[in-house]
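here's a sequence, model it:
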Amino acid sequence: MSDTIVIIPTFNEIENIEAIIRAVFSQEKMFHVLVVDDNSPDLTAKKVKELQQEFPQQLHLLQREEKTGLGTAYIAGFKWCLARDYAYIFEMDADFSHNPNDLIHLYNACHLQQADIAVGSRYVTGVNVVNWPMSRILLSYFASKYVRLITRMKLHDTTAGFVCYKRQVLETIDLNSIKFVGYAFQIEMKFKAYLKEFKIVEVPVIFTDRSKGKSKMSGGIISEAILGVISMKINSFFRKK
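This is a model prediction of the structure:
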């Protein structure tokens, strides 16, 4: 039994899912994987079920009836993991934009260096992004700067989606109170943890844009992040100590 699980949300990731699962399972440390699939028309879940026959103890599948946003997929995954005995719970994309070889570095930051949250950061040592157009790099980079300015979090990559949480963090945060479902979900989770004074560290990683499948980024997701941060900060002034 592993103490560590990686949540991978999927929607139409048939081109990537087998390779990413095998890459995670090839690591020296044993990681379990929970795929949260939003009823992918390309039968991603069917492929996961086939792989479960090969990895019956390590690979898990949570199927949802419809696509309702990245945030809700992760919240469902968090609750599934908290109902079991996992001590370290990861977020990771299915498309290899997050390198599975970096999982151990995030794990060590929490397990050995007493961090409560380890963030795989694209910007803590400069700009470590591969294959993105300059317009998207600038949007992401300045979005993180904007969030840092508004929230006062001492993080360079506030929108990062490659994260390791200690169990205690997810048990302490009221997951039912998380409002955002898209890009802003990542910001809100970090901000909630920051308000509760958990120790958040950034681990430098290289982010590589997907080579297979289709990006889920949209203008609406970005707008949610930009406008949501302000309301999130205002609401924090009224939280109970």
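
quick one: the helices in this protein?
Counting by DSSP state H, one finds helices in the chain at the ranges 17-25, 44-52, 70-82, 103-111, 134-151, 167-172, 183-195, 219-236.

point out the most buried one among those helices.
Greatest average neighbour count among these goes to helix 183-195 (a mean of 23), per mean count of other C-beta atoms under 10 Å. Backbone N, C-alpha and C define where each C-beta goes, glycine included.

next, the angle from that helix to helix 134-151.
Counting by axes from the mean of the first three to the mean of the last three C-alpha atoms, to 10 degrees, helix 183-195 lies at 30 degrees to helix 134-151.

quick one: contacts of stretch 190-200?
Stretch 190-200 has contacts (C-beta atoms under 8 Å, 6 or more residues apart in numbering) with 114-119, 151, 153, 155, 158, 169, 172-173, 178, 232-233, 236, 239.

6 Å - rerun?
With C-beta atoms under 6 Å, 6 or more residues apart in numbering as the test, stretch 190-200 has contacts from 115-117, 151, 153, 169, 172-173.

repeat for stretch 157-173
So stretch 157-173 is contacted by 78, 82, 87-92, 98, 106, 110, 116-123, 143-144, 147-148, 186-187, 192-193, 196, 198 (C-beta under 6 Å, 6+ apart).

ok, stretch 51-69 next?
Contacts for stretch 51-69 (C-beta under 6 Å, 6+ apart): 11, 21, 32-39, 45, 48, 80, 181-182.

pull out the buried residues from it.
Across stretch 51-69, burial judged by 16 or more other C-beta atoms under 10 Å covers 51-52, 58-62, 64, 67, 69.

identify, from those residues, the entry nearest to Ser26.
Closest approach between the buried residues of stretch 51-69 and Ser26, by C-beta to C-beta: Gln58, at 11.5 Å.

distance of that closest one from Phe25?
Distance of Gln58 to Phe25, computed by C-beta to C-beta, to the nearest Å: 6 Å.

quick one: low-confidence parts of the protein?
By pLDDT under 70, the weakly predicted segments of the chain are 210-226, 230, 237-241.

what do you get if the cut-off is 50, keeping everything else the same?
The chain contains residues with pLDDT under 50 at 218-219, 240-241.

distance check, Ile173 against Ser144.
Using C-beta to C-beta, Ile173 is found at 21 Å from Ser144.

wait, which of the buried residues of stretch 51-69 is closest to Ser2?
Nearest to Ser2, judged by C-beta to C-beta, of these is Gln58 at 7.3 Å.

my guess is Asp42 contacts Glu13, does it?
No: the criterion here is C-beta atoms under 6 Å, and Asp42 misses it with Glu13 at 7.7 Å.

how about Ser26: what's its closest non-neighbour residue?
Counting by C-beta to C-beta, 6 or more residues apart in numbering, Ser26 lies nearest to Pro100, which is 7.6 Å off, once chain neighbours are set aside.
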